[in-house]
Each structure stands twice: as structure tokens, then as C-alpha cells.
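Trainee: Dropping the sequence and predicted coords here.
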Amino acid sequence: MSGLLFHYWPHHRMTNNIIETVDEICFVVLHSVIMVYTVEKEGYFTVSRTMRNNLGWFLIGLIVFILVTKCYMMLREEFLDMKATIKEYCKNRRKKNQRVVPASTLSSKKYEMKH
């Protein structure tokens, strides 16, 4: 997915695309750290207990960061969409409330002048 983000931007706003790219990089780091746990369990190398604790807290922090950025991005997108919808609604409502002069009154004066 992260390779596609550089060619095809999935969002209309550039900030959302940047946040999405950062999230994808975080997922790559997350999976890399999980690989350290997997390889360590296989016995290729040993990791001290404090290092495992630190990696665990790093994983928790990274997951919380990803969740917060995803929630922020979703709420921001919804807020901006609602703001645009409300603005469009108010604009259309103002147009409806303006007094429109019927075309028949304008043409009747010309009609009276000719006859």
C-alpha cells in the first residue's frame, strides 16, 4: 500500500495523504519489531528481558499512535465534509430566499408600449 501512496493519492486533501503515508511507515516498523520477537523465539539470537519489555512498550505506543492518527484523520475528514455541506446548504437557502422578479412583469411593460 505504501508504494501505491506515492503514485495514487487516495484522499482529496494532501494532509490526509501525508498522514496515511506516516501510518503506513508505522505499520512497517510495527511488523519489523514483531519480527524481532519471532526470530528471538526461534533461537537465532537472545534478547534480554529489559529489551523485550522496552520493545513491548514501544509496540503499545506505536499502536496507540496509529489509532490516534486514524481517528483524527477520520474525524477531521467528517468535520470538513459536514462544514462544506452546511455551507452549500446555507448558500442555496439564501438563493431561495431572495426575491425574484417574475419575467411576466418585465415583459408586460414592453407589451403595453407596443399596443
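Mentor: Received it, and whenever you're ready, just let me know what you need.
Trainee: Was I right to think Leu59 contacts Ile34?
Mentor: Yes: counting by C-beta atoms under 8 Å, Leu59 touches Ile34, with 7.4 Å between them. (C-beta placed from N, C-alpha, C; glycine too.)
Trainee: Looking at the two, which has the bigger crowd around it?
Mentor: Neighbours were counted for Leu59 and for Ile34 using other C-beta atoms under 10 Å; Leu59 has more, 15 against 12.
Trainee: what's the spacing between the more buried one and Arg76?
Mentor: Leu59 sits 26 Å away from Arg76, taking C-beta to C-beta, to the nearest Å as the criterion.
Trainee: list the buried ones in stretch 66-85?
Mentor: For stretch 66-85, burial by neighbour count (16 or more other C-beta atoms under 10 Å) applies to Ile66, Met73.
Trainee: residues in contact with it?
Mentor: Outside stretch 66-85, the residues within contact range by C-beta atoms under 8 Å, 6 or more residues apart in numbering are His11, Arg13, Asn16, Ile19, Glu20, Val22, Asp23, Cys26, Phe27, Leu30.
Trainee: Ala84 versus Ile66, what's the distance?
Mentor: 27 Å.
Trainee: Quick check: which element contains Val47?
Mentor: For Val47, there is no enclosing helix or strand under DSSP states H and E.
Trainee: what sits against it?
Mentor: Neighbours of Val47 in contact, by C-beta under 8 Å, 6+ apart: Val36, Glu40, Leu55.
Trainee: wait, the last one sits on Tyr37?
Mentor: Just to be clear, that refers to Leu55. Yes: counting by C-beta under 8 Å, Tyr37 is a contact partner of Leu55 at 7.1 Å.
Trainee: I'd like the next helix or strand past the strand or helix carrying Glu24.
Mentor: Element membership for Glu24 (DSSP H and E) is helix 14-42. Counting by DSSP H and E, the element after helix 14-42 in chain order, helix or strand, is helix 49-97.
Trainee: what angle sits between that next one and helix 14-42?
Mentor: 160 degrees (axes from the mean of the first three to the mean of the last three C-alpha atoms, to 10 degrees).
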